[in-house]
Every structure is written in structure tokens, then in C-alpha cells.
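A.B. asks: Next comes the sequence, and after it the predicted model I'd like to discuss.
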Amino acid sequence: MDQPVTPSRPLPRLAERHTDPHAYPEGVAFLDGQFVPVSQAKVSVLDYGFLHSDATYDTAHVWNGRFFRLDLHIERFFGGLKLLRMSIPFDREAVAGILHDCVALSGHRSAYVEMLCTRGASPTFSRDPRDAVNRFMAFAVPFGSVANAEQMERGLHVAISDRVRIPPASVDPAIKNYHWLDLVRGLYDAYDRGAETALLLDFDGNVAEGPGFNVFAVKDGALTTPAVGVLPGITRRTVFDLSSEIGLPASAAALSVPALKGADEVFITSTAGGIMPVTRIDGAPVAGGTVGAVTARLKALYWERHDDPAWSTAVRYP
């Protein structure tokens, strides 16, 4: 594996606070062969990742000093690189080392960790993507969740937006990307209706996904999650793995809006928060309007696995 790269300048103490309104969460980034404070990690205005959203990424998280299922995130990231015809000067082991170093240098015991590659910029500003020099970056910042502590306890309030998720024929949802305008507009629809987050539809009018998360419906003890037009999330996969362990039927299939609203339980899944209950949809309670037993059981199992060496990897702190 490539040797860890040492910081090019002293990193700020975590206790320091910024007054700059454009400052970012405290953390450490890696780009151009060096580690820097995340607020100093910059991208050119000519980078096609910025100009055209021509990029792919993946996110992992650290909890209590351990990465959760990092190998799956790295494998998905390299899959996206291949499909987008991008290349980076690091293999999987080297990328894992860079992510570990970002977390270790930041000192965070719970962190949101991202690896990304942009198309980069062309030295001649050519419109031919083959002329661009691909650029790899990574960073670690404090852990953040789709749902806050109160929402985790009582369940999220979700609105179903009329926005249609970008179809797979246009952008392969298996490639994590920054095409989020449909998701952001869906969020504003939800806010306008007094909800906290949104779900979008697919082209057939069925439920697809939300901004950075998958959704599951529980009915008569069986789980269903949308199959088409969604990112096959790592937390989504983890739900399938846990359900298999405890004997819960789980399938990926079309999920209609009436089926979602008529479910016994609903929850969403994301690296940013894990398994999170939903108790209201479009202002109406899901079943009894409280967090269900299946959701609670899977959520407990999910967090238990974070201490299991078969599922997690310790960060190599100094």
C-alpha cells in the first residue's frame, strides 16, 4: 500500500471555531497528494465536476472509532469510476489508507467520510471529456444524520413530492452522483407542506427514494423496498443482510404510494443516520403513528454490528 502522506502544514485544533459564514465543518481532506484542513480543500471553477456535475463519489462513516462496511463502499466507488471511464492513481487498499488517515488526523471518533473523483479540468478547456485530468479527493468531517435525535425517537415526517427521480436510462442510479436538483426541489416541496424530508416518485408513479436515502415499507412482517431507479445503498443492503439473519422476508419490488401509506411501519436507510423511522406521511400517521417493533429491532441490530470486527474496521489513530 502507498505510504501515508504527511500534512503539508499544521492542521487546526478541533477546538478552534471559525467566524467565516462560508467555513465548513472541522475535518481533514486529502487532495493533490497532501492532507489539509477541509476548509482549505478547493476545486477549480473550471473542473467539470463543478461545471457539469461530472463526478462520482461514495460515503462511509465511522462510529466509535470504527469504519462500518468500508470495503463495500470502496468497491462501489471503484465501480462508479469504471462506468464513468475515470481513473485515479490509487488502488483500493491505498484509498482505504487515505480514508483512515483523514479520520485519524481529524481525531474524530464519529465521522462522515467521503471519497470522490471529478472529471477534472482540461488544460485547454476542451469540451472533450477525454482531455480532462481526473481528480481524486477525500475528506472526513463530523458525523451527520438525515434525522436528528428527536426525529429518531418519534419518527420522521415525510412528504411525497410530485417530482420524478432522474430515470435509470438517463443516469445509472448505481453510480453515486451529484445530480441532486430533483431531490432538492423535492425537499422544498416537503418543507412547504410542513414535512421534514421528501420521497420522490419513479416514472411509473411508484415510490423511488429520497435525498440520500432508500425507503422500506413493513407489512405483515415482510419488508419491501423500491427496486427500480434507486441507488442500491449499503445500508439498504445491510437491512437485507440483517433481515435474512433473523428470518424476516425482504424483497425489492415496485412500491406504490398507497402501499407505502398503508404499511404497518416505514423506515428510511442511509449511511448518514443508519435505519431511521418514519411515522407520518403527507401529514397522516403511519399505522399508529409510533415507531414500530420491526424498525426498532433492525435499528438495534444495525448499531450492534458496528462493534463487530466482521462488519467494521478500527481506525488507525496516532
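C.D. replies: It's in.
A.B. asks: So residue 238 lies in a helix, does it not?
C.D. replies: Yes. Using DSSP: H, G, I helix; E, B strand; the rest coil, the assignment for residue 238 is a helix.
A.B. asks: contacting residues for it?
C.D. replies: 69, 269, 302, 305 (Cβ atoms under 8 Å, 6 or more residues apart in numbering). C-betas here are computed from N, CA, C, even on glycine.
A.B. asks: What ranges does the stretch 101-250 of the chain have for its strands?
C.D. replies: Counting by DSSP state E, counting those that start in this stretch, one finds strands in the stretch 101-250 of the chain at the ranges 111-121, 133-142, 156-164, 197-201, 214-219, 222-225, 250-252.
A.B. asks: Same list, the ones you listed, but as TSV with mean neighbour count and mean pLDDT please.
C.D. replies: Below are those laid out as TSV (neighbours: other Cβ atoms under 10 Å; pLDDT from 0 to 100):
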stretch	mean neighbour count	mean pLDDT
strand 111-121	24	97
strand 133-142	21	97
strand 156-164	20	96
strand 197-201	24	98
strand 214-219	22	98
strand 222-225	20	98
strand 250-252	15	98
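A.B. asks: Quick one: those strands as TSV, columns for distance to residue 182 too.
C.D. replies: What follows is the strands of the stretch 101-250 of the chain, written out as TSV (distance: least, Cβ to Cβ, whole Å):
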stretch	distance to residue 182
strand 111-121	20
strand 133-142	25
strand 156-164	5
strand 197-201	6
strand 214-219	16
strand 222-225	19
strand 250-252	21
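A.B. asks: Quick one: closest of those to residue 181.
C.D. replies: Counting by Cβ to Cβ, residue 181 lies closest to strand 156-164 out of the strands of the stretch 101-250 of the chain; the figure is 9.3 Å.
A.B. asks: what helices or strands is the closest one leaning on?
C.D. replies: helix 181-192, strand 197-201, strand 265-270, strand 274-281 (3 or more Cβ pairs under 8 Å, 6 or more residues apart in numbering; DSSP states H and E).
A.B. asks: hmm, back to that, ok, of the contacts of residue 238, which one's closest to residue 189?
C.D. replies: Distances from residue 189 to those, taken by Cβ to Cβ, are shortest for residue 269, at 21.4 Å.
A.B. asks: measure residue 286 to residue 157 for me?
C.D. replies: 10 Å (Cβ to Cβ, to the nearest Å).
A.B. asks: shared neighbours of those two, anything?
C.D. replies: By Cβ under 8 Å, 6+ apart, residue 286 and residue 157 have these common neighbours: 278, 279, 280.
A.B. asks: Tabulate those residues (a markdown table), appending neighbour count, distance to residue 90 and pLDDT.
C.D. replies: Below are the shared contacts of residue 286 and residue 157 laid out as a markdown table (neighbours: other Cβ atoms under 10 Å; distance: Cβ to Cβ, whole Å; pLDDT from 0 to 100):
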| residue | neighbour count | distance to residue 90 | pLDDT |
| --- | --- | --- | --- |
| 278 | 28 | 38 | 98 |
| 279 | 22 | 43 | 98 |
| 280 | 19 | 44 | 98 |
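A.B. asks: mind giving me JSON lines with those and columns for distance to residue 174?
C.D. replies: Below are the shared contacts of residue 286 and residue 157 laid out as JSON lines (distance: Cβ to Cβ, whole Å):
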{"residue": "278", "distance to residue 174": "24"}
{"residue": "279", "distance to residue 174": "30"}
{"residue": "280", "distance to residue 174": "31"}
